[in-house]
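**Student:** here is a sequence with its predicted model. Questions after.
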Amino acid sequence: EELHHLPYTLQVVKEVLRLYPAAPFYARDAIEDDQIGGFDVPSGATIMLSPFYTHRHPDFWTDPDRFDPDRWTRDAETTRHGHSYHPFAAGPRICIGNNFSLLESHLLLAILARRFRPRLRDGFVPHFVMRGTLSIEGGLPNIHLGVISSNVGTGPVGGGGDSCAGNGDNGNLLVNDACP
């Protein structure tokens, strides 16, 4: 209920999904003969659709490689082509987790953004790979979590506890700003 008071947070989530959809491509079967861009598509043909490329297409997006959450204001969304954004696929076979994923991402970002300011290790440049899902090769090593308030949690990553560091799932050190 409270998330309705945080529209910009949802705009950030949608913009991240525009630039980095978890499933950068998916397949659909043509249900009848068609023609796309001058190419004949026979019924039964498998078509590969790519949110990763559609979400960067200049016919749909101004300055498509720029991160801009303001693309997701109510007015901006109503003027855009209905299939220019499809991070969860589209139509009758849209991902059934679509709404849950957006709700969960919106909630987590709202909670975490109040408590942390993550920064990548100096010099880290992500190299994205597409293997069914979009991911960063080697993961996100050495993320530094800056704690905003010293009383927001406990333990190594939450701040407020006695511990200044802990090991992340991939063995990299996680450190908070409150530590000396």
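**Tutor:** It's in.
**Student:** below-threshold pLDDT in the protein: ranges please.
**Tutor:** 140-180 (pLDDT under 70).
**Student:** remind me, longest helix of it?
**Tutor:** helix 98-115 (DSSP state H).
**Student:** so after that one, what's the next helix or strand?
**Tutor:** Following helix 98-115 in sequence order, the next helix or strand is strand 116-119 (DSSP states H and E).
**Student:** helices or strands up against the following helix or strand past that next one?
**Tutor:** Once strand 116-119 ends, the next helix or strand along the chain (criterion: DSSP H and E) is strand 128-130. Applying 3 or more C-beta pairs under 8 Å, 6 or more residues apart in numbering; DSSP states H and E, one finds that strand 128-130 makes contact with strand 134-136. The way it works is simple: take the backbone N, C-alpha and C, and place the C-beta from them, glycine included.
**Student:** just checking: what are the partner strands of the strand it packs on?
**Tutor:** In the sheet, strand 134-136 lines up against strand 128-130 (antiparallel) (DSSP bridges).
**Student:** name the SS class of residue 44, please.
**Tutor:** For residue 44, the secondary-structure state derived from DSSP: H, G, I helix; E, B strand; the rest coil is coil.
**Student:** what about it, how many residues nearby?
**Tutor:** Neighbour count of residue 44, defined by other C-beta atoms under 10 Å: 10.
**Student:** same check on the one 3 residues further on?
**Tutor:** For residue 47, the neighbour count with other C-beta under 10 Å is 12.
**Student:** residue contacts, it?
**Tutor:** Residues counted as contacts of residue 47 (C-beta atoms under 8 Å, 6 or more residues apart in numbering) are 27, 28, 29, 30, 36, 41.
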